[in-house]
Every structure is written in structure tokens, then in C-alpha cells.
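Q: Got a predicted structure plus its sequence, pasted below:
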Amino acid sequence: MERIPAILCTVFLLTSCESFTATRYVTSNQTKYYIETLKTNKKLDVSSVSLSSEQSLSIQCRMAGPIQVPGGSYEDYFKSALIDELQQSGLYKPESNKISVVLDSVVVKSITPASWDITGQFFVNNQPLTSISTSFPYKTSYSAMGACNNAADNLPYAVEDFYSKFIRSDEFRSVMK
């Protein structure tokens, strides 16, 4: 009878999953520099970031657990990151032209070649502007714990790469003229 609790505890420990949390997004000096070269007086607001479907997120890392973001959902994380980039560059102003993003896929791959693959559509004032895709590579590990920690550590850089490609696009440049 004493074995049953020990067996249940062992089964629980072996089947429970870890969670890995990405760090808070930090703005990019390169993006700020690029925006400054545009020499524009136009301002932007971020109205929303949403997922195109529930299947848009594939954030389960191996069999160890999901990659989580601080402070809420992936939509909140991506929205906050875009607002931070615009604020740092002096382009953010509430109640101005509205940017919205629909994330078609956010996928973590933790087995060699490891990458964060992000695809999304950008809209300005509800008009389609452009689609951006990025595949941000990072070093992985043989162990699930190491690989998933690396994945979590590299999410902010993948988001930076995603937004940098948008901000450097011809479509963004045309909106800012």
C-alpha cells in the first residue's frame, strides 16, 4: 500500500512538463538607426496583433514543454515589441495611422537546424501592406532542457529579426513617405 503513493509520485514527475520563458523584448539600435535614415514626420499606432488561427502557434519544445512569454500571450508580446520599436524610434503616437499584424505562424524548431520561424501579414489602416517571413537560426543542444532554454533565449532576437524585415521593407518605406 505504501508503494502506490511512491509510484504515483514517480509517474507524475516523469510525465510532467517543464516550462521555458523567453525574456522581455529589448528594442534594436539597428532598427532605430534605420528608421532615423527615413527622415519622416509620420507617426504610427499599433492597433492589434492577432493569430490567424489557433494552429498558428507551434511552441511546444520537444517533449519538455511550451516556450512561454512573460506577461501574457504571444499576441501581447509581439504587440508590445512593435510598440517599443516605434517608441524608441520616435514614430509611435496613439490615434495616428494604425498598424495591425496577423501572425500566420510562430514555430519553434529545437532540433538541428534549430530556428524560430515567424510569418505574418501587416496592415495599415486595415489595408493590406505586406507579408513578412523570417527563419531565425540559433544553436541547439542535445538535451531537451538545454535546447528549450536556448529556444526561449532566442525568441526576442527572432521577433527583432521579424520586425526589422518589416521596417526595412519597401512597403514600410512607402507608408512613411
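A: Yes, it's here.

Q: and stretch 143-159, which residues are buried?
A: 144, 147-159 (16 or more other CB atoms under 10 Å). (Each C-beta comes from the backbone N, C-alpha and C, glycine too.)

Q: need the contact list for the spatially most central residue of the chain.
A: Nearest to the mean C-alpha position of the chain, counting by CA atoms, centre = their mean, stands residue 159 at 4.2 Å. Listed by CB atoms under 8 Å, 6 or more residues apart in numbering, the contact partners of residue 159 are 25, 77-78, 81, 118.

Q: Tell me which entries of the residues you listed lie within helices.
A: Judged by DSSP state H, those include 77-78, 81 as members of helices.

Q: out of those residues, which one sits closest to residue 135?
A: residue 78 (16.7 Å; CB to CB).

Q: from memory that closest one sits against residue 103, does it?
A: Yes. If you go by CB atoms under 8 Å, residue 78 and residue 103 touch, sitting 6.6 Å apart.

Q: Which neighbours do these two have in common?
A: Here residue 78 and residue 103 share the contacting residues residue 49, scored by CB under 8 Å, 6+ apart.

Q: For residue 20, give the beta-bridge partners.
A: residue 67 (DSSP bridges).

Q: so which of the ones in helices among the contacts of residue 159 comes closest to residue 31?
A: Distances from residue 31 to the ones in helices among the contacts of residue 159, taken by CB to CB, are shortest for residue 81, at 10.6 Å.
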